[in-house]
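**Student:** Below are the sequence and a predicted model; questions follow.
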Amino acid sequence: MDEIYQEIKRLRLEQGYTLKDLSERTDLSVSFLSQVERGSSSLAITSLKKIADAFGVPITQFFQTEANHNYLLKREERKPFKMEGSPNVYVRLNGEFGGRNLEPMVVKLAPKEKQMQDSHPGEEFYYIMEGAALFTVGGKEYFMREGDSIHFPSTVPHGWENPLNEETTIISVVTPVIF
């Protein structure tokens with residue numbers, strides 16, 4: 001945890017923020033932030049996320065050290081995970097290093113699953129490995145089968161669905177980094 005506290009202070013000083021500036025950007029008290037930097041207070045992940053957003057860095061910035069740089073991810077090291085409220089299965093494909101801009105994943109879309117339309121900064125690329133998907137980008141529908149790909153700016157409203165009664169497997173590469 002000391003590395004996290006030190007990184008918060010380093011970033012604050014690097015960006016020229018006072019504790020008061022950081023407090024105003026995070027809605028966390030000056031005294032709490034001071035205790036965090038000194039390592040005398042624990043830090044919830046939600047508070048760390050607010051601090052990361054205030055500095056304009058991904059939350060993973062606080063967990064990276066030179067020893068964490070690992071460019072290779074072997075098949076046996078991949079760990080599937082689910083996001084809360086979603087039946088889809090995700091598998092990260094990326095290496096670990098600071099300043100990473102891409103988020104490559106294998107996504108297994110559950111049968112008949114739909115993702116609501118959204119827009120945000122960044123780009124998205126999808127390649128259908130197995131099955132089919134219906135993407136809606138900017139109000140236009142794109143039905144995709146195995147071997148098809150789509151690439152678009154994430155600022156355009158977009159969503160997808162798996163129209164099949166079976167799982168669809170997609171390679172996804174998005175920016176900005178999510179995890």
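**Tutor:** Here it is on my side, so go on.

**Student:** wait, doesn't Glu161 sit right on Gln115?
**Tutor:** Yes. Using C-beta atoms under 8 Å, Glu161 is in contact with Gln115, at 7.0 Å. C-beta coordinates here come from the backbone N, C-alpha and C atoms, glycine included.

**Student:** Let me know the helix or strand that Ser23 is in.
**Tutor:** helix 19-26 (DSSP states H and E).

**Student:** Okay, buried residues for the helix or strand that comes right after that helix please.
**Tutor:** Toward the C-terminus, helix 19-26 is succeeded by helix 30-38 as the next helix or strand (DSSP H and E). In terms of neighbour count (16 or more other C-beta atoms under 10 Å), helix 30-38 has its buried residues at 33, 36-37.

**Student:** out of those residues, who's nearest Phe55?
**Tutor:** Taking C-beta to C-beta as the measure, Phe55 lies nearest Leu33 of these, at 12.3 Å.

**Student:** OK, contacts around the closest one?
**Tutor:** Counting by C-beta atoms under 8 Å, 6 or more residues apart in numbering, Leu33 touches 8, 19, 22-23, 26.

**Student:** Off-centre distance for the helix or strand hosting Tyr90?
**Tutor:** Assigned by DSSP H and E, Tyr90 belongs to strand 89-92. How far strand 89-92 lies from its chain's middle: 12 Å, per C-alpha atoms, centre = their mean, to the nearest Å.

**Student:** swap in stretch 84-100?
**Tutor:** 7 Å.

**Student:** Many thanks, I have nothing further to ask.
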